[in-house]
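A.B. asks: just need the structure, nothing else, for what follows:
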Amino acid sequence: MPASDVEDFGGQAWTCEDAEVPGLYVLTDGQTTPSHPLEVQTMLVAEDTGVAITLGPETQRAIEMCRGQPTTVAEIAALIEVPLQITKVILSRLIDAGALITVASSPSAPAETSLLEAVLEGLRNLAVEPAPSC
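C.D. replies: Reported below is the predicted structural model:
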């Protein structure tokens, strides 16, 4: 039907330029729950399995980020610019496919006493100095 006929019905003609970008659920085929219990601090590393995986740009970037060094779920979500829940679903699928594995994060080293004492002293100095009057 020509655009002029549609306009005669009281509406504007629809064009491809008017189409919205598909929703993010398209990235996960509608899946909303990850198959693995991933937390924001979960560390992931890419595995070179040789298995062919069909990758979208977000998936490819996630794998590239995890090559050679552990990367957290939060970092991946921020850098691929996808909401956290969608990122967890994408990463879960990559784990299922064998492209990523989770790694245990090492416990953080205990803070040095001298550093903590310096911070405490700095805070005390801030509390002693009077605030400038307006």
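A.B. asks: check which element follows the worst-scoring helix or strand of the chain on mean pLDDT along the chain.
C.D. replies: In the chain, no helix or strand scores lower on mean pLDDT, DSSP states H and E than helix 3-8, which sits at a mean of 52. Heading C-terminal from helix 3-8, the first helix or strand you meet, by DSSP states H and E, is strand 43-46.
A.B. asks: partners of that following strand in the sheet?
C.D. replies: Applying DSSP bridges, strand 43-46 is found paired with strand 71-72 (antiparallel), strand 100-103 (antiparallel).
A.B. asks: list the buried ones in it?
C.D. replies: 43-44, 46 (16 or more other C-beta atoms under 10 Å). All C-beta atoms are positioned from the backbone trio N, CA, C, and that covers glycine.
A.B. asks: same deal with stretch 60-73?
C.D. replies: For stretch 60-73, using 16+ other C-beta under 10 Å, the buried residues are 61-63, 65-66, 70-73.
A.B. asks: show me which of those is closest to G122.
C.D. replies: Ranked by distance to G122 (C-beta to C-beta), the buried residues of stretch 60-73 are led by T72 at 29.5 Å.
A.B. asks: how far away is that closest one from A99?
C.D. replies: Here T72 is placed at a distance of 17 Å from A99 (C-beta to C-beta, to the nearest Å).
A.B. asks: just A74 next, same as before
C.D. replies: A74 sits at a distance of 19 Å from A99 (criterion: C-beta to C-beta).
A.B. asks: which of these two has more neighbours?
C.D. replies: A99 (21 against 14; other C-beta atoms under 10 Å).
A.B. asks: returning to what we had before: closest to P34 out of the strands paired with strand 43-46?
C.D. replies: Nearest to P34 among these is strand 100-103; the distance by C-beta to C-beta comes to 11.9 Å.
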